[in-house]
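Undergrad: sharing a model prediction with you, sequence too.
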Amino acid sequence: MKTRIVVAVHKPYPMPQDPVYLPVQAGRALHEPLGFTGDDSGENISKKNPNYCELTCLYWAWKNLDADALGLCHYRRYFAGRPFGSKWERILTGEQAEKLLSKAPVVLPKKRNYYIETGWSQYAHAHHEEDLLAVRAILETQYPAYVPAFDRTLSRTGGHRFNMFIMRREALNTYCTWLFAVLAELEGKLDISEYSRNDQRVFGFVAERLLDVWIETEGVPYCECPVIHMESQHWLKKGSAFLKRKFSAK
């Protein structure tokens, strides 16, 4: 099985040496080249990177890479293949990725739990609730079979986040066809001109919540894999910001 895992990157940074990984510069159509493969060749949406985040790399890989399985991760965040060793030694190898894909067609990161927030309330406190309302309206009119899973997954306190996964090609084709169709509809529904620069990354944020919706609706088998962060997570700072968003107006 030929597997490629795209590493979305937007600045110079060390990269894994395993040939399964392909560093791809996100939004290269808008920036100076970094020396990595860009997301701006072939069929692409590279110019949408400020709003789509790492999804411009996913779209490029989906449309342009020849592989039996494709994955997406981030230059500061990878799937972990072993529990010990340096951070670079613990990154999932291509051989380990293929073993996981022999068990299920999709590999996801272990669920992230917000404990005192549902997926809906966490998003509403951190971003704009109307984003989710618009997505639900799109599903209701065009993809009604997905509405029950949308409501279920966003009522839970945990979910698969980060826009990270590895999928066999057939699953990836199905997921990306649906995901980018929904996001294209959402573009036409939202006015983000007054959003902050961070909140203008709305389509990347929404996609994080839609992955579980697709998985549950389609009944796709998956296995989970731990995530390793290459830099400090500043949990105290993140926790304080999380609580501030929850207990104060946005």
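TA: Yep, it's here. Numbers count the residues shown, from 1 in each chain.
Undergrad: how about the contacts made by the residue nearest in space to the middle of the chain?
TA: Nearest to the mean C-alpha position of the chain, by Cα atoms, centre = their mean, lies Asn163 at 1.1 Å. Counting by Cβ atoms under 8 Å, 6 or more residues apart in numbering, Asn163 makes contact with 53-55, 58, 72, 204, 207-208, 211. C-betas here are computed from N, CA, C, even on glycine.
Undergrad: nearest to Leu108 among these?
TA: Nearest to Leu108, judged by Cβ to Cβ, of the contacts of Asn163 is Leu211 at 7.5 Å.
Undergrad: thought the closest one was touching Phe162?
TA: No: Leu211 is beyond contact range of Phe162, at 9.4 Å (criterion: Cβ atoms under 8 Å).
Undergrad: thinking again about what came up before, quick one: the residue nearest to the centre of the chain from Val6, how far?
TA: Using Cβ to Cβ, to the nearest Å, we find Asn163 at a distance of 11 Å from Val6.
Undergrad: Phe205 too?
TA: When Phe205 is compared with Val6 (using Cβ to Cβ), they lie 19 Å apart.
Undergrad: those two: which has the busier surroundings?
TA: Val6 (25 against 21; other Cβ atoms under 10 Å).
Undergrad: what's across from that one in the sheet?
TA: With DSSP bridges as the criterion, Val6 is bridged to Leu22, Leu72.
Undergrad: Cys73 is in contact with that one, correct?
TA: Yes: contact criterion Cβ under 8 Å: Val6 and Cys73 qualify, at 7.4 Å.
Undergrad: hmm, which helix or strand of this structure has the shakiest average pLDDT?
TA: Least confident helix or strand, the chain: helix 235-247 with a mean of 46, by mean pLDDT, DSSP states H and E.
Undergrad: mutual contacts of Asn163 and Val6, please.
TA: Counting by Cβ under 8 Å, 6+ apart, the residues touching both Asn163 and Val6 are 58, 72.
Undergrad: contact partners for Asn51?
TA: Asn51 neighbours (Cβ under 8 Å, 6+ apart): 187, 192, 200-204.
Undergrad: and if you look at Asp212?
TA: Applying Cβ under 8 Å, 6+ apart, we find Asp212 in contact with 149, 153, 159-160.
Undergrad: quick check: which element contains it?
TA: In the assignment (DSSP states H and E), Asp212 maps to helix 202-218.
Undergrad: show me where the protein has its strands.
TA: For the chain, the strands defined by DSSP state E cover 3-9, 21-25, 37-38, 69-74, 77-79, 106-109, 112-113, 158-159, 165-168, 222-225, 227-229.
Undergrad: what residues of the last one count as buried?
TA: Neighbour counts using 16 or more other Cβ atoms under 10 Å place 227-228 of strand 227-229 among the buried residues.
Undergrad: what's in contact with stretch 167-176?
TA: 58-59, 62, 67-71, 101, 105-107, 211, 214, 218, 220.
Undergrad: oops, could you answer that again for stretch 32-45 instead?
TA: Under Cβ under 8 Å, 6+ apart, the answer for stretch 32-45 is 9-12, 22-29, 46-47, 49, 52, 55-57, 59-60, 63-64.
Undergrad: how long is that stretch end to end?
TA: End-to-end distance of stretch 32-45 (Cα to Cα, to the nearest Å): 17 Å.
Undergrad: check stretch 192-202 too.
TA: 8 Å.
Undergrad: just the buried residues of that stretch, please?
TA: Going by neighbour count (16+ other Cβ under 10 Å), the buried part of stretch 192-202 is 195, 199-202.
Undergrad: state the pair within those residues that is farthest apart.
TA: Using Cβ to Cβ, the pair of these lying farthest apart is Tyr195 and Arg201, separated by 8.9 Å.
Undergrad: intersection of neighbour lists for these two?
TA: Common neighbours of Tyr195 and Arg201, counting by Cβ under 8 Å, 6+ apart, are absent.
Undergrad: relative to strand 69-74, how tilted is the longest helix seen in the chain?
TA: Under DSSP state H, the helix in the chain containing the largest number of residues is helix 169-189. Interaxial angle, helix 169-189 versus strand 69-74 (axes from the mean of the first three to the mean of the last three Cα atoms, to 10 degrees): 50 degrees.
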